[in-house]
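>>> Everything below, folded, please.
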Amino acid sequence: MVEAVRNHVGWLRVVMRRAGCTTTTWIQGRGAVGDVPNGSPARRDFARLAVLVALAAAAVGTLGRGPAVAQPAAPSTGPAGDSPGWLNQTDLFVSGKEGYTAYRIPALVVSAKGTMLAICEGRRKSFSDSGDIDLVMRRSLDDGRTWEKMRLIWDDAENTVGNPCPVVDRQTGTVWLPFCWNNRRVLVMKSTDEGVTWSKPVEITKDVSQSRWTWYATGPGHEIQLRSGRLLIPCDHKLDNATKQQPELYYSHVFYSDDHGATWKLGGSVGPHTNECEAVETEDGLVYLNMRSYHGKNRRAYAWSRDGGLTWSEVKLDEALVEPRCQASIARLSDRSGGGKSRILFSNPASTERVNLTVRLSYDECRTWPVSRVLHPGKCAYSDLAVARDMTICCLYERGEKGPYERITLARFNLEWLTGGADRLAGSGSEPIEGGAGAR
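I've put the predicted structure just below:
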């Protein structure tokens, strides 16, 4: 049986079912994004057949007929065609499984030794942002191909433990994990053994907050170490118990450590009308802060710092970065010394709704974003980017069919896939299709 429906941004969702096997393929133009299910070679062959059937049907107009819908944002670079591009996707956290009603707020980091840590909130009783929420994680020792079982990082009874924002000190190898307790207090813990064990949390609220800040959220998502050695933690806060109707009291800010996590200090604030944020250091030593915006324009906000986050420029909106008022991620792929080009990655739901998870690429230090490709056309929300030690691009993101929080998926792909074969890293190769790995 084949079912097809077109969403509001012009993608056709084709679901094909046979003998207990279901596969979903998203199609736009001549390009497709699909999932190859775990299991036998026959099941994976069926999934590949479904992709071909869906593409052929779409090409001759037999599926999803109806009025064409223009895509309002995030133009894709198009299908990879015969380029050596590949995409593999694996669900790491599935809501309703392993004792948690929901998993949300993904964070992805790669240690100095190459261990990949996928961290998120495990929400025990509901999808709510408050309540009994723990921090959980999974580890990969092979650049995200396979994963250890989920393990608990921290559980504080009925309290909310959330907004993970791990950062790696590449000089000491320590993985630091700042997070929030009930969105009022800030704590930090660390791992010195690649995430196998974690220290007890230490509260640092008095060092990184102010008295009027009645809501506090670290990150979320990975944070960065500057070339100076500074550990920089972007965050957001609200003043005076601000409500959803008072975005003029919403701000972004950073805190930092210059002594490898021994002490933490408050940096500069950016706003108002700003919120969750991530940062990247440019090749000329500036810090670029990309922020969720409450300016009412459905565009990402950004600011620059020339002093490592102590002060910030005025806030501006990037017309190229459409958003539905949601978190986003940014990460460096390469610089001119390592990859021949400066390449910075960006991911978010590129729409005015929480759909259309798109990855973008900048070659000029975040000033323009000439390359983009849709990773998941359906419902989606938060994401976090990282680069594996083999230079595979990784995006850990929330997605689903009926809602955006059904599972947290790791997408692994190469630069050729992202650019449709127009760009590649020296020495990059093809990804073998492994049992249950995902879709090409």
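
>>> From here on, just use CA atoms for contacts and neighbour counts.
Noted.

>>> in the chain, which strand has the most residues?
Using DSSP state E, we find that the single longest strand of the chain is strand 371-387.

>>> Can you list the buried residues in it?
371-387 (16 or more other Cα atoms under 10 Å).

>>> ditto for stretch 128-146
Counting neighbours by 16+ other Cα under 10 Å, stretch 128-146 gives 131-141, 143-145 as buried.

>>> which one of these is nearest A411?
Relative to A411, the closest of the buried residues of stretch 128-146 is G144; by Cα to Cα it sits at 9.1 Å.

>>> Tell me the confidence at the closest one?
With respect to pLDDT, G144 scores 97.

>>> Correct me if wrong: it contacts M116.
Yes - under the criterion of Cα atoms under 8 Å, G144 makes contact with M116 at 6.6 Å.

>>> and for those two, which residues touch both?
A388 (Cα atoms under 8 Å, 6 or more residues apart in numbering).

>>> any idea which element H253 lies in?
Element membership of H253 [criterion: DSSP states H and E] is strand 250-257.

>>> which outside residues touch that strand?
Defining contact as Cα under 8 Å, 6+ apart, one finds that strand 250-257 is touched by 208, 230-239, 242, 263-277, 291, 309.

>>> Now do the helices in the stretch 51-200 of the chain.
Under the criterion DSSP state H, counting those that start in this stretch, the stretch 51-200 of the chain carries no helices.

>>> Below-threshold pLDDT in it: ranges please.
The stretch 51-200 of the chain contains residues with pLDDT under 70 at 51-83.

>>> what are the ranges of the strands in it?
Secondary structure of the stretch 51-200 of the chain, counting by DSSP state E, counting those that start in this stretch: strands at 87-94, 102-110, 116-123, 133-140, 151-154, 161-162, 167-168, 175-181, 185-191.

>>> Just the CA atoms of the fifth one, as CSV, please.
If I follow you right, that is strand 151-154. C-alpha atoms of strand 151-154 as CSV (Å, rounded to 0.1, in the frame of the first residue of the first chain):
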residue,chain,number,x,y,z
ARG,A,151,23.0,5.8,30.7
LEU,A,152,21.9,8.3,33.4
ILE,A,153,24.1,11.3,34.0
TRP,A,154,22.1,13.0,36.8
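
>>> Return the set of buried residues in it.
So strand 151-154, judged by 16+ other Cα under 10 Å, has buried residues I153, W154.

>>> what packs against it?
Helices and strands touching strand 151-154, by 3 or more Cα pairs under 8 Å, 6 or more residues apart in numbering; DSSP states H and E, are strand 133-140.

>>> now the strand it packs on, how far from the centre of its chain.
Distance of strand 133-140 from its chain centroid, counting by Cα atoms, centre = their mean, to the nearest Å, is 15 Å.

>>> For that strand, give me every contacting residue.
By Cα under 8 Å, 6+ apart, strand 133-140 touches 92, 115-124, 146-156, 158-162, 164, 195.

>>> Could you give the backbone dihedrals for T205?
In terms of degrees, to the nearest 10, the main-chain angles of T205 are phi -50, psi -50.

>>> Kindly report the same for T243.
Main-chain dihedrals, T243, degrees, to the nearest 10: phi -100, psi 180.

>>> May I have the residues that are in contact with T368?
Counting by Cα under 8 Å, 6+ apart, T368 has contacts A320, S362.

>>> 6 Å instead?
By Cα atoms under 6 Å, 6 or more residues apart in numbering, the residues touching T368 are S362.

>>> since we're on A217, how many residues are nearby?
26 (other Cα atoms under 10 Å).

>>> V110 too?
25.

>>> for R389, same thing?
Neighbours of R389 under the rule other Cα under 10 Å: 16.

>>> isn't there a strand covering it?
No - in this structure, R389 is coil, not part of a strand, as judged by DSSP: H, G, I helix; E, B strand; the rest coil.

>>> What count of nearby residues applies to the residue lying closest to it once chain neighbours are set aside?
Leaving aside its sequence neighbours, R389 sits nearest to G114 (Cα to Cα, 6 or more residues apart in numbering; 5.6 Å). Residues near G114, counting by other Cα under 10 Å, number 17.

>>> any idea how far G114 is from E194?
Distance of G114 to E194, given as Cα to Cα, to the nearest Å: 9 Å.

>>> anything in contact with each of the two?
Counting by Cα under 6 Å, 6+ apart, nothing touches both G114 and E194.

>>> one step back: mind listing residues that contact whichever helix or strand comes after the longest strand of the chain?
Counting by DSSP H and E, the next helix or strand C-terminal to strand 371-387 is strand 393-400. The contact list for strand 393-400 (Cα under 6 Å, 6+ apart) reads 379-387, 405-414.

>>> Stretch 151-162 too?
Contacts for stretch 151-162 (Cα under 6 Å, 6+ apart): 121, 130-137, 179-182.
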